[in-house]
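J.: the amino acid sequence is not available; the structure is as follows:
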C-alpha cells in the first residue's frame with residue numbers, strides 16, 4: 001500500500017455551542033490539516049497522486065471556504081448578526097469541533113475523487129483530531 005500526505009495551514013475562527021469551556025466564545029486558531037491518501041498501485045508516472053492535484057482539489061477549497069473565515073454551526077444565534085455585517089461565515093451542519101472540521105475536509109477530498117483515508121486537523125500545536133474514512 002502506498003500513502004502520500006499534504007499539509008495545509010489555514011486560519012479560522014469558531015465557537016462551540018452547548019459547551020461550558022472557553023471555546024463557547026468566538027475565538028481563532030492557526031490550524032493545520034494533514035490529508036493522507038492511499039492506494040495499492042501507482043499511476044504511469046510512478047505516483048499515487050501528484051501533490052499539485054491535492055493542492056488544486058483541497059488546498060484551494062480550504063483557501064476559498066475555510067481560511068480566514070468563521071466556521072459556525074447552522075444553529076448558532078450569532079449567524080444573522082455576522083451576515084448582516086457582511087462577515088464571512090462558513091456554516092456547518094454540526095458543531096465546528098476539530099473532529100467535525102477534519103470530517104468536513106475528508107468529505108470534500110472524497111467528493112473531489114481523491115483516495116483519502118485520513119484527515120488530521122491540528123487545532124493547536126499540541127492538540128489534533130482525526131477522521132478516518134468508513135473503509136479504514
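T.: Yep, it's here. Fair warning: this is a prediction, and the values are worked out from it, not measured in the lab.
J.: contacts, neighbours, all on C-alpha from now
T.: OK.
J.: where exactly do the strands run in this protein?
T.: Remark: strands assigned in the chain by DSSP state E are 2-14, 27-39, 69-73, 89-92, 116-122, 128-132.
J.: quick check: buried residues in the longest helix along the chain?
T.: Looking across the chain with DSSP state H, the single longest helix is helix 98-111. For helix 98-111, the neighbour count (16 or more other CA atoms under 10 Å) marks 98-110 as buried.
J.: again with stretch 117-134
T.: Those would be 117, 118, 119, 120, 121, 122, 123, 128, 129, 130, 131, for stretch 117-134 by 16+ other CA under 10 Å.
J.: report the contact partners of the fifth one.
T.: It refers to residue 121. Residue 121 sits next to 31, 32, 33, 34, 98, 99, 101, 102, 128, 129, 130 when contact means CA atoms under 8 Å, 6 or more residues apart in numbering.
J.: go on, the last one?
T.: Neighbouring residues of residue 131 by CA under 8 Å, 6+ apart: 99, 102, 103, 106, 118, 119, 120.
J.: next one: the fifth one from residue 96, what distance?
T.: If I follow you right, that is residue 118. Distance, residue 118 to residue 96, by CA to CA, to the nearest Å: 18 Å.
J.: follow-up on the earlier one: could you dump the strands of the chain into a markdown table with distance to residue 81 and mean pLDDT added?
T.: Below are those laid out as a markdown table (distance: least, CA to CA, whole Å; pLDDT from 0 to 100):
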| stretch | distance to residue 81 | mean pLDDT |
| --- | --- | --- |
| strand 2-14 | 15 | 97 |
| strand 27-39 | 16 | 97 |
| strand 69-73 | 12 | 98 |
| strand 89-92 | 11 | 98 |
| strand 116-122 | 28 | 98 |
| strand 128-132 | 30 | 97 |
